[in-house]
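**Q** Build me a structure from this.
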Amino acid sequence: MTEARTVVITGAGTGIGAACAQLYAQEGARLVLIGRRREPLEQVAQVTGGLVLVGDAACPETWDNFIRQIRAHYERIDVLLACAGGHGLGSATQTSPTTWESALRSNLDSAFYSARACLPLLQESAGSIVLIGSIASLAAGPDVCGYTTAKHALLGLNRSLARDYGPHGVRVNAVCPGWVHTPMADAEMQPLMDAYGDTLQQAYDRVCADVPLRRAARADEIAKVCRFLASADASIITGATLVADGGSSIVDVPTLAFTRLESAHAQ
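**A** Residues are numbered from 1 along each chain as shown. Just a heads-up that it's a prediction; the model follows:
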C-alpha cells in the first residue's frame, strides 16, 4: 500500500487553502493546517482532520516550532502549498511604510519562509512546492502597488527555488488565479456593490465582463490545479507558472473598445 502523503498548507483556514485541504482530505492525505487564526483552522479540521498549527507563516522562528511538530507527528513532508497571502492596497504615494511591509510580509515572506523551513524534509521525500500567485503576478491593477510588487516577486522566488532544488528532487511551481470566490475577493466586491447597488454575484459578473469565460473561479477549481502540479502527472514540470484565470490575461486590452462597439450594434 502506498503511504499517504503529508501535505502542509499555509493559509488553510479559508479560501483556496481550505479548498486544498478538503480536496486532499478526500484522497486520504495527512494534513498540516497552518494559519494565524485558530477558529477557521479548527472549522476546516473538523471536516478534513489533520494537525492544526497556529502562527504566522512569515515568521522564521514560528517555523522552527512548526517543523518540530510536523516531524513528531508525521516525520515527513511531501507537498507544501503556500496559500497564505494578504492585501497591499494603495498607489505608491498612498502606501505607508507599514502597509508596504505588510504586503511583502503576507504575500512574499510567508512563501519564502515556508519553503525555506520545509525544504529539508521535501528533499528527503523528493517533494513538491506550489506557490499561490495571482494575475497580479503578471499585470498591474489600479492602486495595489504593494500587492502587485509582492506577487510579481513571488514568481522570481518560484524560479529560484526550482533552479536550486531541482537537482535535489524538489519541484516548485506557481499558480496564478484570476478572480476566485473567496472571502478576500468578496470583500473586494464591496465598493462595486456600494456604487452600483449590485448584489455580490452581480459585482463578480461586472469584474468578469471581459473575461473570456465570463466568470470567477471556484476555490475548489484552483485547488485541483494545485493538486495537479504537486502530482506525479506533473513530474517533469518545475519552475512553471500555470495561469488559471478564465482567460483574463490573454485579453488584448486595447481592442476591448471594438468588442463593446460590436455589443452596442447587436443591441
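**Q** What residues does residue 51 make contact with?
**A** By C-beta atoms under 8 Å, 6 or more residues apart in numbering, residue 51 lies in contact with 30-33, 69-70, 73-74. The way it works is simple: take the backbone N, C-alpha and C, and place the C-beta from them, glycine included.
**Q** Write a PyMOL command that selects only the buried members of those.
**A** The buried residues among the contacts of residue 51 can be selected in PyMOL (16 or more other C-beta atoms under 10 Å) with this line:
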select buried, resi 30+31+32+33+70+74
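**Q** Including secondary structure, pLDDT and distance to residue 210, could the contacts of residue 51 go into JSON lines?
**A** Below are those laid out as JSON lines (DSSP: H, G, I helix; E, B strand; the rest coil; pLDDT from 0 to 100; distance: C-beta to C-beta, whole Å):
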{"residue": "30", "secondary structure": "strand", "pLDDT": "97", "distance to residue 210": "42"}
{"residue": "31", "secondary structure": "strand", "pLDDT": "98", "distance to residue 210": "37"}
{"residue": "32", "secondary structure": "strand", "pLDDT": "98", "distance to residue 210": "39"}
{"residue": "33", "secondary structure": "strand", "pLDDT": "98", "distance to residue 210": "36"}
{"residue": "69", "secondary structure": "helix", "pLDDT": "97", "distance to residue 210": "46"}
{"residue": "70", "secondary structure": "helix", "pLDDT": "97", "distance to residue 210": "43"}
{"residue": "73", "secondary structure": "helix", "pLDDT": "95", "distance to residue 210": "47"}
{"residue": "74", "secondary structure": "coil", "pLDDT": "96", "distance to residue 210": "45"}
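**Q** closest to residue 43 among the contacts of residue 51?
**A** Proximity of these to residue 43 (C-beta to C-beta) peaks at residue 33, which lies at 10.1 Å.
**Q** how close does the closest one sit to residue 165?
**A** 24 Å (C-beta to C-beta, to the nearest Å).
**Q** Residue 208 too?
**A** For residue 208, the distance to residue 165 - C-beta to C-beta - is 36 Å.
**Q** Same question for residue 102.
**A** Counting by C-beta to C-beta - residue 102 and residue 165 are separated by 28 Å.
**Q** Tell me, how many residues neighbour residue 117?
**A** The tally of other residues near residue 117 (other C-beta atoms under 10 Å) stands at 21.
**Q** quick one: it and residue 66 touch, right?
**A** Yes. Applying C-beta atoms under 8 Å, one finds residue 117 in contact with residue 66, separated by 6.8 Å.
**Q** From what I see, residue 198 and residue 206 are in contact.
**A** Yes. Between residue 198 and residue 206 there is a contact under C-beta under 8 Å: 6.4 Å.
**Q** looking at the sheet around residue 31, what are its partners?
**A** Judged by DSSP bridges, the bridge partners of residue 31 are residue 7.
**Q** Please name the residues that touch it.
**A** With C-beta under 8 Å, 6+ apart, residue 31 has these contacts: 6-7, 9, 12, 21, 24-25, 45, 48-51.
**Q** Now rank these by neighbours and give me the top one.
**A** With neighbours defined as other C-beta under 10 Å, the most crowded of the contacts of residue 31 is residue 9; it has 33 neighbours.
**Q** Wasn't that one part of a strand?
**A** Yes. Under DSSP: H, G, I helix; E, B strand; the rest coil, residue 9 sits within a strand.
**Q** Unless I misread the structure, residue 129 falls within a strand.
**A** Yes. Assessed with three-state DSSP, residue 129 lies in a strand.
**Q** could I have stretch 38-55 exported to PDB, CA atoms only?
**A** Taking Å, rounded to 0.1, in the frame of the first residue of the first chain, the C-alpha atoms of stretch 38-55 are listed here in PDB:
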ATOM      1  CA  ARG A  38      -7.300  29.200  15.300                       C
ATOM      2  CA  GLU A  39     -11.100  29.200  14.800                       C
ATOM      3  CA  PRO A  40     -11.200  28.900  11.000                       C
ATOM      4  CA  LEU A  41      -8.400  26.300  11.100                       C
ATOM      5  CA  GLU A  42     -10.400  24.200  13.600                       C
ATOM      6  CA  GLN A  43     -13.500  24.500  11.500                       C
ATOM      7  CA  VAL A  44     -11.600  23.100   8.500                       C
ATOM      8  CA  ALA A  45     -10.000  20.400  10.600                       C
ATOM      9  CA  GLN A  46     -13.400  19.200  11.700                       C
ATOM     10  CA  VAL A  47     -14.100  18.200   8.100                       C
ATOM     11  CA  THR A  48     -10.600  17.300   7.000                       C
ATOM     12  CA  GLY A  49      -8.700  16.200  10.100                       C
ATOM     13  CA  GLY A  50      -5.100  17.000  10.400                       C
ATOM     14  CA  LEU A  51      -2.600  18.800  12.600                       C
ATOM     15  CA  VAL A  52      -3.600  22.400  13.300                       C
ATOM     16  CA  LEU A  53      -0.700  24.800  13.800                       C
ATOM     17  CA  VAL A  54      -1.500  28.400  14.600                       C
ATOM     18  CA  GLY A  55       1.100  31.100  13.800                       C
END
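**Q** Alright, I will stop here.
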